[in-house]
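Student: pasting the structure only:
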C-alpha cells in the first residue's frame with residue numbers, strides 16, 4: 001500500500017474526529033501506511049486532550065493559537081506531510097471500511113488526474129450531490145438569487161454549477177472536488193502553495209482545483225469511494241450564510257471581470273432580501289419568524305463586507 005497523509009482541521013469537534021479516525025482504524029487501509037495530521041484551530045473545549053489519546057497511527061497534532069479557518073489550517077500541515085498523496089477530510093464525515101482503499105485504488109488507476117474525490121451521502125444514505133461542483137458561473141448566482149434553483153429542482157432538472165450523479169458516473173472528470181473528502185498529489189499541492197488563505201471557509205477547494213487544472217490536473221470523482229457527510233456542526237446558520245457567500249464573492253472577484261462581479265454581488269443581496277421578505281410574510285409561524293431574522297441580519301452583514 002502507498003503511504004497516505006490525512007489532514008483534518010479541528011474546531012471544537014474532537015469527538016467527531018475521534019469517531020472518524022475510529023472508522024479509519026477499522027477500515028481496510030493498513031494503518032501503518034497512514035500519517036494523520038490534525039490541525040486544531042484554537043478549540044476552547046477538550047478536543048486536543050481527547051485527540052491525544054489516539055493510538056496506532058503516525059499522528060501529529062498542530063495547535064494554532066487562533067482560528068485561522070479551513071484553508072489556512074490545512075496549510076499549517078504542509079511542511080509536515082510525508083506522503084506522495086494527501087487526503088483532506090472533514091471532521092464530520094463517517095467512513096466505511098472501503099472508503100479510503102477505494103479512493104486510493106481509483107487514484108492509482110487514474111494518476112494523471114492529480115485530484116480525486118469520492119461519493120458523499122447523507123445520514124439517510126441518499127446521494128447528496130455535494131461531492132463535486134462545476135466552475136461557478138454568473139448564471140448560477142442569478143439562479144440561486146431569484147429562486148431558479150427551486151424551480152429547476154421541482155422540474156427534476158440540473159441546477160447551474162452542479163452535477164447530477166448520472167453525469168459524474170458517465171464522465172468522471174469534474175471542475176472541483178469537495179474538500180470534505182479530497183485526495184491530491186502532494187507535489188502539486190505544494191507547487192500551488194496549498195490553499196488560498198483569503199478564503200476562511202468555503203470556496204477554498206474550488207479555488208484550489210481551478211489552480212490545479214491550470215497546471216494540467218484533471219480532477220476526477222468515483223462513486224466507488226463512499227462517505228457519509230452530515231454537514232458542519234461547528235457553525236450556526238447565520239455564520240454559514242456569511243462564510244458561504246462572502247467566500248463566493250471573493251472567488252467571483254478573483255476570477256471574474258468587474259461587471260460580472262458587480263452583478264453577482266447585487267443579485268446575492270437581492271436574493272437575501274427576497275428571502276427575508278418571504279419569511280417575514282410568514283412570521284405568524286415561530287420558525288419562519290426566526291428564519292426571517294437570520295436573513296435580515298444577513299442582508300445587513302452584506303452591506304458591511306469588504307471583498
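Tutor: Perfect, thanks for sending it. Worth saying up front: this structure is predicted, and the values here are computed from it rather than measured.
Student: What helices and strands are in contact with the longest helix along the chain?
Tutor: Ordering each helix of the chain by length in residues (DSSP state H) puts helix 258-281 first. In terms of contacts (3 or more Cβ pairs under 8 Å, 6 or more residues apart in numbering; DSSP states H and E), helix 258-281 is packed against helix 138-145, helix 237-255, helix 286-304. C-beta coordinates here come from the backbone N, C-alpha and C atoms, glycine included.
Student: Give the other helices and strands that the helix or strand of the chain with the lowest mean pLDDT contacts.
Tutor: Lowest by mean pLDDT, DSSP states H and E among the helices and strands of the chain is helix 165-170, with a mean of 80. If contacts are counted by 3+ Cβ pairs under 8 Å, 6+ apart, helix 165-170 sits against strand 220-229.
Student: which residues touch the strand it packs on?
Tutor: 90, 92-96, 98-100, 102-103, 105-106, 110, 113, 115-123, 125, 128, 130-132, 165, 168-169, 172-174, 177-178, 180-181 (Cβ atoms under 8 Å, 6 or more residues apart in numbering).
Student: of those residues, buried ones?
Tutor: Buried members of the contacts of strand 220-229, scored by 16 or more other Cβ atoms under 10 Å, are 90, 92-96, 99-100, 102-103, 106, 113, 115-121, 128, 130-132, 168, 172, 174, 177-178, 180-181.
Student: Not counting sequence-adjacent ones, nearest residue to the spatially most central residue of the chain?
Tutor: Geometric centre of the chain, nearest residue: residue 179, 3.7 Å, by Cα atoms, centre = their mean. Nearest non-adjacent residue to residue 179, counting by Cβ to Cβ, 6 or more residues apart in numbering: residue 205, 3.6 Å away.
Student: Please settle this for me: is that neighbour part of a strand?
Tutor: No. According to DSSP: H, G, I helix; E, B strand; the rest coil, residue 205 belongs to no strand; its state is helix.
Student: ok now do it, which residues does it touch?
Tutor: 88, 176, 177, 178, 179, 182, 195.
Student: quick one: the residue located most distally from the centre of the chain and residue 292, what's the gap?
Tutor: What lies farthest from the middle of the chain is residue 284; by Cα atoms, centre = their mean that is 35.4 Å. Look at residue 284 and residue 292: by Cβ to Cβ, to the nearest Å, they are 11 Å apart.
Student: again, but for residue 94
Tutor: 34 Å.
Student: backbone phi and psi for the nearest residue to residue 167 once chain neighbours are set aside, please?
Tutor: Leaving aside its chain neighbours, residue 167 sits nearest to residue 158 (7.5 Å; criterion: Cβ to Cβ, 6+ apart). For residue 158, the backbone dihedrals are phi -70, psi 130 (criterion: degrees, to the nearest 10).
Student: What is the neighbour count of residue 158?
Tutor: For residue 158, the neighbour count with other Cβ atoms under 10 Å is 15.
Student: my guess is it meets residue 152, correct?
Tutor: Yes. With contact defined as Cβ atoms under 8 Å, residue 158 counts as touching residue 152 (7.0 Å).
Student: Next up, the contacts around the residue nearest to the centre of the chain.
Tutor: Residue 179 neighbours (Cβ under 8 Å, 6+ apart): 70, 88, 90, 204, 205, 208.
Student: Output those in TSV; the columns should cover pLDDT and distance to residue 230.
Tutor: What follows is the contacts of residue 179, written out as TSV (pLDDT from 0 to 100; distance: Cβ to Cβ, whole Å):
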residue	pLDDT	distance to residue 230
70	95	16
88	98	17
90	95	9
204	97	20
205	97	18
208	98	23
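Student: Quick check: the two most widely separated of those residues?
Tutor: Spatially, the most separated pair among the contacts of residue 179 is 90 and 208, at 14.8 Å (Cβ to Cβ).
Student: quick one: which of the buried ones among the contacts of strand 220-229 sit in strands?
Tutor: Using DSSP state E, the subset of the buried ones among the contacts of strand 220-229 located in strands is 93-95, 115-121, 132, 177, 181.
Student: Relative to residue 24, which of the residues you listed is nearest.
Tutor: Taking these together and measuring to residue 24 by Cβ to Cβ, the closest member is residue 95, at 6.3 Å.
Student: and the closest one, what pLDDT?
Tutor: Looking at residue 95, its pLDDT reads 97.
Student: Likewise for the one 3 residues further on?
Tutor: With respect to pLDDT, residue 98 has a value of 98.
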